[in-house]
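Asker: how would this look folded up:
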Amino acid sequence: MTLLNDLMHYRNLDTTQIQQFTTTLLSDTVDIAEKLALLTAFTMKGSTADELYDLSRAMIQTMYPEQPHLEGSLCVCGTGGDGSNSFNISTTVAFVVAAAGAKVVKHGNKSVTSQSGSIDILQALNVPTIQVADVEEQVKTANLAFLSATTTYPIMRHLQPVRQQLPVPTVFNLLGPIINPFALDYQVMGVYDKTKMTDIAQTLQKLGRQRALVVHGANGMDEATLSGDNTIVEVNQDTGIRTYTLNAQDVGLRYAEDAELVGGTPEDNKAITLGILQGDDVSCRRDVVLLNAGLALYAAQRVETIEAGISLARQTIDEGRAYDQYLKSRSVAV
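Answerer: This next block holds a predicted model:
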C-alpha cells in the first residue's frame, strides 16, 4: 500500500492522498487490521496544518457537501484525550452560555478516552440530541441544540473499532470538535496537545470562524483550568491569529489543582452539573465553569472581554437562568 509506505517513511500527505486516507478509514469493506496500520502510522508521523485542514474538509464533505450555516452559532467542546477525568465542563458551560444569549450548537460524542463523554452525561440528564435538520428551529426556541456525532456522522462507525484499539489519542480526537455539521461563526475548542494549537487555529480560520479560541489548559487539560497559566490561540477573521496566556486568578477566580475537578460516571457528573446550574455548588468546580463560559461568551462576541464574560456567566447562574435553560432543553420536543 503506497499510502502506508509514505506514512511509515514520515512523508506528509497531499490533498488527494488525504482523501484516499479518509475513504479507506471510513470504508465498510477494508479490513480493520489495514485501517489500524494506517491510523497508527499517521499517528506516529503526526499531522501538519495542511493535513489537518484537508482531513477536516474531507470528513465534512462525506456527509455535508453543502454545509448548513446558522448565523451566530457557537460550539464549545474539548478534544478529550487529556487523561484528567474531569467532570463534563464544556457540557455544563453550554447551558450557561446559551442562557446568557449565545446560540449554541454543541457537537459531541460518547466517551472514547474517559468515563463520561458529552453524550453520556446528556443521557443521564435526560436531555435529547437532535437531527441536523431540526437544529435551526430548536436554537430559535431554546438557544441550544446538542448533536451526537454518531448521528451526524454515522459513517464514523466504521472507524470507531479502530480508534478503540489504539491506546493513545489520534488525529480524530482533534477532528471531532472541528467537523461540527454547521459552518460555525464562533468556537471554543479545548486541546490536550499544545503542539497542535496553531495548526487547529489555522484550520478554524480557513473554515471561516469569525472568532475562535483554541485553549490548552494549565498542566495539559483540554479546558481552561484554575491551576496556572492557560494558553489561548485566538482566531479573528479581521485581525488574524494571536497567542496569549490567561490565569484564572487574574480574572477574579480562585486557584485550584486539576485533581479538584475530577468527575466520575455519567451519574456522578450529572450531580456535579446540576449542582452548578442550580447555584448550590459554589466550589472551584463552579469557578472553572465560569472561566470557560467567560471564554465562550467572549468568543461569541456577547461581551467585549473575557472578564465581562465571567461576570455575565456568574449572573446567569445566580439568577436561575442557567438551570431554567437546562429545564427548557429537557422539554423541547424532538
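Asker: can you count the residues close to Y298?
Answerer: 23 (other CB atoms under 10 Å). Placement of C-beta: from N, CA and C, glycine included.
Asker: from the middle of its chain, how far away would the helix or strand encompassing it be?
Answerer: Using DSSP states H and E, Y298 sits in helix 284-299. Put simply, helix 284-299 sits 14 Å off its chain's centre (CA atoms, centre = their mean, to the nearest Å).
Asker: how about the spatially most central residue of the chain: what's its closest non-neighbour residue?
Answerer: Residue closest to the average C-alpha location in the chain (CA atoms, centre = their mean): C77, at 2.0 Å. Sequence neighbours aside, P177 is the residue nearest to C77 in space, at 4.0 Å (criterion: CB to CB, 6 or more residues apart in numbering).
Asker: from what I can see that neighbour touches G78, true?
Answerer: Yes - using CB atoms under 8 Å, P177 is in contact with G78, at 7.1 Å.
Asker: common neighbours of those two, please.
Answerer: Residues touching both P177 and G78 comprise M189, G190, with contact defined as CB atoms under 8 Å, 6 or more residues apart in numbering.
Asker: what's the spacing between L125 and A296?
Answerer: Distance, L125 to A296, using CB to CB, to the nearest Å: 19 Å.
Asker: measure L36 to T150 for me?
Answerer: Remark: distance between L36 and T150 (CB to CB) = 20 Å.
Asker: wait, I meant V127
Answerer: For V127 relative to T150 (CB to CB), the value is 16 Å.
Asker: for L213, what are its contacts?
Answerer: So L213 contacts Q187, V188, M189, I232, V233, E234, V235, L295, Y298, A299 (CB under 8 Å, 6+ apart).
Asker: ok, now with 6 Å
Answerer: Going by CB atoms under 6 Å, 6 or more residues apart in numbering, L213 touches V188, I232, E234, L295, A299.
Asker: also D281?
Answerer: By CB under 6 Å, 6+ apart, the neighbours of D281 are G275.
Asker: so it, which of the three states?
Answerer: Of the three states, D281 takes coil under DSSP: H, G, I helix; E, B strand; the rest coil.
Asker: again with F42
Answerer: helix.
Asker: quick check: chain neighbours aside, which residue is closest to it?
Answerer: Closest residue to F42 apart from its sequence neighbours, by CB to CB, 6+ apart: L7 at 5.4 Å.
Asker: give the next helix or strand downstream of the helix or strand that that neighbour is a member of.
Answerer: Using DSSP H and E, L7 maps to helix 2-8. Once the chain leaves helix 2-8, the next helix or strand it forms, by DSSP H and E, is helix 15-25.
Asker: give me the distance from that next one to the chain's centre.
Answerer: 24 Å.
Asker: again, but for stretch 194-204
Answerer: 13 Å.
Asker: what residues does it touch?
Answerer: Contacting residues not belonging to stretch 194-204 are listed as A49, L52, Y53, S56, V191, A212, V214, H216, V233, V235, I241 [CB under 6 Å, 6+ apart].
Asker: right, I'll leave it there.
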